[in-house]
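> coords please:
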Amino acid sequence: MENLVKTEFNVPTREQVSPTNQKIFDNLNKALGFVPNLYATIAYSENGLKKYLDYQNAKTSLSNKEKEAVNLIISQVNGCIYCQSAHTVLGKMNGFDDKQLLDIRKGQSENAKLNALVKLAADITKNRGNVSQENVEDFFAQGYTKENLVDLILQVSDKTAMNYLHNLTKVPVDFPVAESL
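Model (predicted):
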């Protein structure tokens, strides 16, 4: 039997990261009041935090509400409690109520357009892009465009990266923990 070494991922402090990342920590503290643990963990990489934040904050054809719906369903599919928790808070800030947030995490919405978005996002995530034609047709039938489809796939990649980072590192969740389904 091979001897497995367990690697602990402690959340790095400001003093433990590069000067570039220290500046980003300062900006996050000003903007959010704290540095989320998962962002701090990205700072193990000299360039990763800036690269990720630039990507996350890039313009998109999806509204903030649509992005949060996508973030929630992807985090649910990928089993990431950190991102489920963070995006439950952000979802509320973007106008969702508790029932709507739970419905989205279950892969549905009473709003037909949002329902098509959530179903396709879940399908993309579960099946690595090999989705059902029905979900694609419903997405377009609800008024979404090819630009929206590209931006949805980019949003899936953004959130999947963070889900994987947390699922691997298991850094503490520093948001109110999302309700279990």
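> need the contact list for the spatially most central residue of the chain.
Geometric centre of the chain, nearest residue: residue 159, 3.4 Å, by CA atoms, centre = their mean. Counting by CB atoms under 8 Å, 6 or more residues apart in numbering, residue 159 makes contact with 70-71, 74-75, 78, 83. In short, each C-beta sits where N, CA and C put it, glycine included.
> is it part of a helix or strand, or is it coil?
Put simply, residue 159 is helix when judged by DSSP: H, G, I helix; E, B strand; the rest coil.
> tell me the predicted confidence for residue 100.
At residue 100, the pLDDT value in this model is 98.
> can you check residue 8 too?
Taking residue 8 on its own, its pLDDT is 84.
> now name the helix or strand holding it.
Of the helices and strands defined by DSSP states H and E, none includes residue 8.
> again with residue 108
Per DSSP H and E: residue 108 is located in neither a helix nor a strand.
> I figured it was touching residue 117, is that so?
No. Counting by CB atoms under 8 Å, residue 108 stays clear of residue 117, with 11.0 Å between them.
> what about these two, which has more around it?
Between residue 108 and residue 117, residue 117 has the larger neighbour count (other CB atoms under 10 Å), namely 27 against 15.
> OK, contacts around that one?
66, 69-70, 109, 139, 142, 144, 152.
> what separation do you get for it and residue 9?
32 Å (CB to CB, to the nearest Å).
> what about the helices in the protein?
For the chain, the helices defined by DSSP state H occupy 19-32, 37-42, 48-56, 64-77, 81-93, 98-105, 112-126, 133-141, 146-169.
> what about residue 125, neighbour count?
Look at residue 125: counted by other CB under 10 Å, it has 21 neighbours.
> meant to ask about residue 147, not that
With other CB under 10 Å as criterion, residue 147 counts 11.
> likewise for residue 143?
By other CB under 10 Å, 10 other residues sit near residue 143.
> equivalent analysis for residue 59, please.
Using other CB under 10 Å, residue 59 has 6 other residues around it.
> returning to what we had before: and which of the contacts of residue 159 is nearest to residue 19?
When the contacts of residue 159 are compared for distance to residue 19 (CB to CB), residue 83 wins out at 28.2 Å.
> pLDDT score assigned to the nearest residue to the closest one once chain neighbours are set aside?
Nearest non-adjacent residue to residue 83, counting by CB to CB, 6 or more residues apart in numbering: residue 75, 3.7 Å away. For residue 75, the model assigns a pLDDT of 98.
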